[in-house]
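Visitor: I would like to see how this sequence folds:
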Amino acid sequence: MTDAPGGGTAPDVDELVQLDFEVDPAATLGELRHGRGDPTIRFEGDVVWRALRTDVGPAATRIAPAREGWRVSAWGQGARAAVAAIPRLLGEEDDPAALTLPAGKLRDAAARSRGLRFGRTDAVWPVLLPAICGQKLTSQQAHRAYFGILRRWGEDAPGPGRLRLPPRPEVIATLPYYELHPVGLEQRRAVTLIRAAQGIERLQEAVSMPPAAALSRLRTMPGIGAWTAAEVARQAMGDPDAVSLGDFHIPNMVCWFLAGEPRGGDERMLELLEPYRGQRARVVRYIERAGVKPPKFGPRLTPQHIEDL
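Guide: Here you go, the predicted model:
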């Protein structure tokens with residue numbers, strides 16, 4: 001134990017966490033990483049480092065496999081709260097068996113993603129921030145904007161992991177929109193981000209709502225459309241049915257995998273996913289991880305999604 005929480009390399013909390021379900025933390029938490037250089041989370045083989053804020057303070061966690069479970073080390077004032085949240089983060093409330101698949105390539109893809117679960121962070125802001133950065137941009141542009149915000153307004157996470165905490169919403173809430181221009185956010189998205197920061201308490205209430213009500217609450221905020229709301233629903237609330245509509249790549253990928261069609265829009269994608277209603281996002285994740293991509297016909301730089309603002 002360090003003298004001050006997070007003040008040294010020794011963890012403030014170090015526990016063996018035993019779970020009664022199979023989980024692959026790297027696969028489960030993969031959606032929380034926004035580009036290879038994301039300083040809020042890092043994957044080192046089977047080990048996952050993550051920075052987060054809890055109700056009692058900042059924390060950083062390290063999840064590593066152990067003989068009888070998972071060794072979770074945590075640093076910072078929020079160390080104990082972060083460790084206590086690990087089961088929910090890794091999908092304790094998820095039920096992958098709710099999706100039953102007939103023999104075929106989709107079931108094969110699911111088998112190759114064994115251990116992938118839908119966990120929940122229970123925190124809207126850390127998901128909303130990169131999602132808004134990604135509206136109407138290529139992935140590279142979105143990551144550049146997000147990383148720029150982390151560098152300028154974020155904070156170093158406690159512990160030895162060299163991680164970065166996202167800025168507090170109250171910091172972003174007070175910015176004039178033009179201060180976000182240098183990181184790559186034009187006025188529209190900058191205003192959306194600032195409004196979201198200002199209204200985060202109401203948006204955070206969505207985590208305790210049923211899925212449909214949660215999506216509705218998120219979309220009451222101007223600038224948060226179907227794509228952004230689905231990103232938050234999956235990652236913050238563990239919703240296995242929240243499909244990101246308006247995405248440039250996902251419909252093509254789904255249509256190619258399920259129907260052999262190299263191009264498709266949201267309507268066709270939803271038609272193909274309808275048999276899996278309730279688990280549609282899980283199906284999309286299995287397809288993503290299968291690594292099958294449709295033929296490319298367009299330019300290299302295309303928006304990762306087109307948000308319905």
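
Visitor: quick one, what contacts Cys255?
Guide: Neighbouring residues of Cys255 by CB atoms under 8 Å, 6 or more residues apart in numbering: 261-264, 268-269, 272, 294. For the C-beta atoms, the positions are set from N, CA and C on the backbone; glycine is no exception.

Visitor: buried set for whatever helix or strand it lives in?
Guide: Following DSSP states H and E, one finds Cys255 within helix 250-259. Residues 250-258 are the ones in helix 250-259 that count as buried (16 or more other CB atoms under 10 Å).

Visitor: now the very next helix or strand once past it: mean pLDDT?
Guide: Counting by DSSP H and E, the element after helix 250-259 in chain order, helix or strand, is helix 266-273. For helix 266-273, mean pLDDT is 98.

Visitor: kindly give a single ChimeraX line that selects the buried subset of the contacts of Cys255.
Guide: A single ChimeraX command suffices to select whichever of those are buried according to 16+ other CB under 10 Å:
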select :261,264,268,269,272,294
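
Visitor: look up phi and psi at the residue nearest the centre of the chain.
Guide: In the chain, the residue lying closest to the centroid (CA atoms, centre = their mean) is Leu32, at 3.4 Å. When read as degrees, to the nearest 10, the backbone of Leu32 gives phi -80, psi -10.

Visitor: mind saving the C-alpha coords of the helix holding Cys255 as CSV?
Guide: Output of helix 250-259 as CSV, limited to C-alpha atoms (Å, rounded to 0.1, in the frame of the first residue of the first chain):
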residue,chain,number,x,y,z
ILE,A,250,-21.3,-1.8,-40.5
PRO,A,251,-24.2,-2.3,-43.0
ASN,A,252,-21.8,-3.3,-45.7
MET,A,253,-20.1,-5.8,-43.4
VAL,A,254,-23.3,-7.3,-42.1
CYS,A,255,-24.9,-7.6,-45.6
TRP,A,256,-21.8,-9.2,-47.0
PHE,A,257,-21.5,-11.7,-44.2
LEU,A,258,-25.1,-12.7,-43.9
ALA,A,259,-26.3,-12.3,-47.6
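
Visitor: what helices or strands is the helix ranked longest in the chain leaning on?
Guide: Looking across the chain with DSSP state H, the single longest helix is helix 139-153. Judged by 3 or more CB pairs under 8 Å, 6 or more residues apart in numbering; DSSP states H and E, the packing partners of helix 139-153 are helix 125-133, helix 169-173.

Visitor: now the helices for this protein?
Guide: Counting by DSSP H, the helices of the chain are 25-28, 79-84, 86-89, 105-112, 125-133, 139-153, 169-173, 187-198, 200-204, 211-218, 226-237, 250-259, 266-273, 280-290.

Visitor: Serialize those to a markdown table and add fields for distance to Asp55.
Guide: Conversion of the helices of the chain to a markdown table gives the following (distance: least, CB to CB, whole Å):
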| stretch | distance to Asp55 |
| --- | --- |
| helix 25-28 | 23 |
| helix 79-84 | 7 |
| helix 86-89 | 14 |
| helix 105-112 | 35 |
| helix 125-133 | 13 |
| helix 139-153 | 21 |
| helix 169-173 | 14 |
| helix 187-198 | 18 |
| helix 200-204 | 11 |
| helix 211-218 | 20 |
| helix 226-237 | 15 |
| helix 250-259 | 34 |
| helix 266-273 | 36 |
| helix 280-290 | 27 |
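
Visitor: low-confidence stretches in the chain?
Guide: Low-confidence segments of the chain (pLDDT under 70): 1-8, 137, 297-309.

Visitor: Val83 reaches Pro11, doesn't it?
Guide: No. Look at Val83 against Pro11 with CB atoms under 8 Å: they stay out of range, at 9.5 Å.

Visitor: need the residues touching each of those two.
Guide: Ala74.

Visitor: OK, contacts around Ala230?
Guide: The neighbourhood of Ala230, defined by CB under 8 Å, 6+ apart, consists of 215, 239, 242-245, 281.
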